[in-house]
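Enquirer: here you go, sequence then predicted model.
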Amino acid sequence: MGVLVVAAAIGLALFLMRPATNETVVVLPGPDGKVGTVVVQRGETRQVLDQPYAASRTGEAEVARLSDAEVRENFGATLQALPARPTAFMLHFITGTDELTPESKAELQNVLAALKDRPLPDVLVIGHTDTVGDAAGNDRLSAQRAETVKGFLVDIGIPAGRIRTAGRGERELLIPTADDVDEPRNRRVEINVR
């Protein structure tokens with residue numbers, strides 16, 4: 001018996017395949033309760049799974065609904081083996097510096113705690129600036145912000161080789177502004193973790 005796990009738009013689809021002819025497809029809700037859609041086509045039989053715990057089984061014409069307990073019983077080992085879901089964080093900086101705002105210093109502790117629990121994360125840290133200053137200086141500052149955050153992550157034990165950094169300067173504004181506008185939400189680092 002094998003299990004195939006597929007991410008379905010939002011949530012997961014689990015496929016339980018037994019030798020030859022028995023298979024089960026189950027759609028699981030995401031952490032926010034939302035569910036994607038999986039279409040199962042077996043010959044002339046087409047089933048749409050778009051509800052939490054909706055299940056399609058070989059030889060059954062109707063879509064079944066499994067309980068959370070049934071899913072854990074049948075797929076527990078597979079669910080335990082899945083990597084943590086991707087997540088993202090955002091931290092903000094004081095104008096013209098790579099120093100975090102007081103609010104982001106507090107949030108950094110939550111970020112570090114969340115990342116410390118991941119055994120082998122792939123991390124992308126992207127630095128950004130507002131439009132104050134020249135483009136070349138903002139490119140340097142955004143890269144410096146990304147490297148500063150990388151340093152925090154390395155300090156808690158995430159291998160430096162698992163962290164990529166990039167600086168986008170003022171090219172990818174979160175809040176579109178004109179030149180030389182001091183916009184705190186644009187002075188940020190985005191941390192994407194897989």
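Expert: It's in. Note that the structure is predicted; figures quoted are calculated from it, not measured.
Enquirer: neighbouring contacts of the top helix by length along the chain?
Expert: Longest helix in the chain by number of residues (criterion: DSSP state H): helix 135-155. For helix 135-155, the surrounding residues in contact (C-beta atoms under 8 Å, 6 or more residues apart in numbering) are 91, 93, 96, 98, 108, 112, 115, 123, 125-129, 131, 133, 160, 163, 165-170, 189, 191. In this view, the C-beta of every residue, glycine as well, is placed from N, C-alpha and C.
Enquirer: identify the residue spatially nearest to R85, adjacent ones excluded.
Expert: Once flanking residues are discounted, R85 sits nearest to P31: 6.8 Å by C-beta to C-beta, 6 or more residues apart in numbering.
Enquirer: quick check, the one you found in a helix?
Expert: No: P31 sits outside any helix when classified using DSSP: H, G, I helix; E, B strand; the rest coil, being coil.
Enquirer: tell me, how many residues neighbour it?
Expert: 9 (other C-beta atoms under 10 Å).
Enquirer: how about the backbone phi and psi for it?
Expert: P31 has phi and psi values of phi -60, psi -30 when expressed as degrees, to the nearest 10.
Enquirer: tell me the pLDDT at it?
Expert: For P31, the model assigns a pLDDT of 79.
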